[in-house]
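A.B. asks: Take a look and give me a structure for this.
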Amino acid sequence: MRDIAGGLARWRAAGVRFALATVVRTFSSAPRGPGAAMAVAETGEVIGSVSGGCVEGAVYDLALSVLESGDPVTQRYGVSDDDAFAVGLTCGGIIDILVERADSPEFAAALDAVLAEQPVALVHSGGRFLVVSPADVKGDLGDPGLTEAAGEQAAGMLAHGRTGMIELGRHGEQRMTDVEVFVQSFTPPPRMLVFGAIDFAGAVARIGKFLGYHVTVCDARPVFATRSRFPDADEIVVAWPHRYLRETAIDPRTVICVLTHDPKFDVPLLEAALETPAAYIGVMGNRRTHRDRLARLRELGIGEEALARLAAPIGLDLGARTPEETAVAIAAEIVSLTWNGTGRRLSELETPIHP
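C.D. replies: Residues are numbered from 1 along each chain as shown. Purely as a prediction, here's the structure:
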């Protein structure tokens with residue numbers, strides 16, 4: 001839902017009613033995972049997607065029906081044995097989609113938290129919503145025991161950034177399956193730190209923002225690190241890169257792109273980067289430049305296991321030449337590492353597209 005939150009907020013501000021369709025469970029090679037959402041306004045306008053086009057038409061009609069009746073519906077879509085091009089996922093997947101009206105104060109509170117990039121979990125249950133933040137729980141699922149149990153489990157899922165179905169007894173009993181509750185966790189977007197305010201950095205910042213990262217561009221040279229040069233970045237920092245890195249928050253979702261290829265910046269920056277839990281540390285430069293970097297880092301006492309974390313030269317081998325092509329190669333490497341992709345052409349593989 002994060003990708004359509006802005007549109008939902010605009011509808012709310014204009015007093016437009018809408019129904020929300022959310023993927024709550026998937027089987028096999030489903031194109032989009034749990035949490036993917038599509039909304040249909042009473043005006044007929046649509047934002048978002050639940051399947052990349054496979055079942056959107058059927059979901060649109062169902063959403064209009066739910067918008068009129070107010071009764072939530074969970075519908076399963078999959079390939080039809082009789083006609084693979086009938087309503088269903090011709091790619092072979094199966095998805096369960098929950099369609100409900102989203103006009104409660106609890107939903108509005110969750111939407112505001114998502115837009116403010118605050119951690120929040122939204123619990124869906126039979127048209128009722130529960131809003132769970134690290135500080136409190138708001139809402140009512142119709143039974144005190146169910147509300148309490150769902151809130152506790154949602155708080156744990158939020159702490160780990162997990163989204164999915166949980167099964168509870170109708171009064172919140174554990175190890176019972178009377179009620180299925182969908183928990184959707186929204187954590188702040190992961191960070192992308194881009195060091196080196198060069199032309200390649202502008203393209204990397206643009207694609208990082210497109211992928212959903214909170215992008216920071218950092219350079220010690222104020223003449224280059226300017227808002228006019230990097231309009232897509234969330235923040236511009238003028239500071240020595242290694243000093244900034246040691247002072248800012250890094251977590252296991254953070255990706256670091258070092259584009260300076262200047263030893264006086266790179267070596268202290270990489271020494272600091274290798275002390276962090278960052279998911280990815282990519283470094284620009286040719287192989288000779290990188291061999292020199294490695295030698296300097298070894299002189300500082302950095303071991304081979306740590307040095308193996310460096311993705312250098314940065315990016316996948318796409319034959320990229322321009323800043324934009326290079327940014328695609330870098331983004332492809334990050335996506336591949338995030339989801340354990342091979343980086344090979346799908347046409348050359350027989351493995352599932354979505355393991």
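A.B. asks: Find me whatever residue is spatially closest to the residue nearest to the spatial centre of the chain, sequence neighbours aside.
C.D. replies: For the chain, the residue lying nearest the average C-alpha position, counting by CA atoms, centre = their mean, turns out to be residue 212 (5.9 Å). Residue nearest to residue 212 in three dimensions, not counting chain neighbours: residue 189, with 5.4 Å by CB to CB, 6 or more residues apart in numbering. Glycine gets a C-beta too; all of them are placed from N, C-alpha and C.
A.B. asks: Report the separation between the one you found and residue 213.
C.D. replies: In this structure, residue 189 and residue 213 are 6 Å apart, going by CB to CB, to the nearest Å.
A.B. asks: Who has more neighbours out of these two?
C.D. replies: Taking neighbours as other CB atoms under 10 Å, residue 189 and residue 213 compare with residue 213 leading, 23 against 16.
A.B. asks: On the three-state scheme, the residue lying closest to the more buried one once chain neighbours are set aside is what?
C.D. replies: Nearest residue to residue 213, sequence neighbours excluded (CB to CB, 6+ apart): residue 192, at 3.7 Å. At residue 192 the chain is in strand, as set by DSSP: H, G, I helix; E, B strand; the rest coil.
A.B. asks: can you count the residues close to residue 192?
C.D. replies: The burial count for residue 192: 28, using other CB under 10 Å.
A.B. asks: Check it and give its pLDDT.
C.D. replies: The predicted structure scores residue 192 at 97 on the pLDDT scale.
A.B. asks: now do residue 87
C.D. replies: The predicted local distance difference test score for residue 87 is 49.
A.B. asks: Check which helix or strand residue 298 maps to.
C.D. replies: Per DSSP states H and E, residue 298 falls inside helix 287-299.
A.B. asks: For that helix, which helices and strands make contact with it?
C.D. replies: Of the remaining helices and strands, those touching helix 287-299 by 3 or more CB pairs under 8 Å, 6 or more residues apart in numbering; DSSP states H and E are helix 263-273, helix 304-307.
A.B. asks: what about residue 114, distance to residue 107?
C.D. replies: As it turns out, when the distance is counted by CB to CB, residue 114 lies 10 Å from residue 107.
A.B. asks: go on, residue 296?
C.D. replies: Residue 296 sits 54 Å away from residue 107, taking CB to CB as the criterion.
A.B. asks: Of those two, which one has the most company?
C.D. replies: The neighbour comparison of residue 296 against residue 107 (other CB under 10 Å) goes to residue 107, with 22 against 16.
A.B. asks: In a strand, that one, correct?
C.D. replies: No - with three-state DSSP as the criterion, residue 107 is helix rather than part of a strand.
A.B. asks: Surely it and residue 127 touch.
C.D. replies: No - at 10.4 Å, residue 107 does not count as touching residue 127 under the criterion of CB atoms under 8 Å.
A.B. asks: Phi and psi next, for the nearest residue to residue 324 once chain neighbours are set aside.
C.D. replies: Excluding its sequence neighbours, the residue lying closest to residue 324 (CB to CB, 6+ apart) is residue 203, at 4.8 Å. Torsion angles at residue 203 (phi, psi; degrees, to the nearest 10) stand at phi -70, psi -40.
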